[in-house]
Structure formats: C-alpha cells, structure tokens
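Colleague: Curious how this folds, go ahead:
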Amino acid sequence: MSQTSAGDTSPPKFLLGAIVATPNALNKIPNDEILNALSRHERGDWGTLDPEDVEANEQALLKGGRLFSSYRSIQDVKFWIITEWHRRITTVLLPEDY
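Modeller: As a prediction, the model looks like this:
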C-alpha cells in the first residue's frame, strides 16, 4: 500500500499487524477501497471522525492505545478500521459488526 487516494506517500505512523475483516465488510466494501482505507489509516488519516476521536487517536499514537478510523465507500457504506493497542491486529468492519 504505497499511496492514498490523495497521492500521499508518507511513511506509516504505526504498524497494522495482522489485517482481518468481517465477512460483512468483505461482502459490502470492494477490496481496492479497503486497501486504500488501510493505507489512509496507517498514515493517520482517520477519515470522518469528530475532533474528540481524532485527538484520542493522536494521544493513542503517543501513549499507546486503540486507533479508530471511519470511512465511507463509493456506495456510501460506512465502515470502520480498528487497530488494537498492541498493534498486532487491525480489523475492518461495518458498524453493525461491532
């Protein structure tokens, strides 16, 4: 994953670990959109979050903690990406899968 949709080639801010996705997310979000969102997520582009959640992510980068992003597919399906605090696993899921 070398580029985001904006052409950003900055290095990742953290490791994603193993990447998993719920069956629901895999059925509703095209793979290329998932890969693009993962690239954005690992570079600190958290998608459509409120300022409090953005700040929580920035603190989690500094102090350790779960990282959360929210995106919408081209078909306007909302999906989340969550990297656990230990950075060993990142999950792609729909809100109803949580």
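Colleague: List of residues touching stretch 52-71?
Modeller: 13-14, 33, 37, 40-41, 44-49, 78-85 (Cβ atoms under 8 Å, 6 or more residues apart in numbering). For glycine as for every other residue, the C-beta is placed from the backbone atoms N, C-alpha and C.
Colleague: do that again at 6 Å, thanks
Modeller: Stretch 52-71 has contacts (Cβ atoms under 6 Å, 6 or more residues apart in numbering) with 37, 41, 46-49, 79-85.
Colleague: before we move on, what about stretch 37-51?
Modeller: Applying Cβ under 6 Å, 6+ apart, the contact partners of stretch 37-51 are 1, 4, 10, 12-13, 16, 54, 57, 69-71, 81.
Colleague: Among these, pick out the one closest to Val92, please.
Modeller: Taking Cβ to Cβ as the measure, Val92 sits nearest to Ile81 out of the contacts of stretch 37-51, at 5.4 Å.
Colleague: For the closest one, report the pLDDT, please.
Modeller: On the pLDDT scale, Ile81 is placed at 98.
Colleague: Which stretches in this protein count as helices?
Modeller: 23-28, 31-42, 51-63 (DSSP state H).
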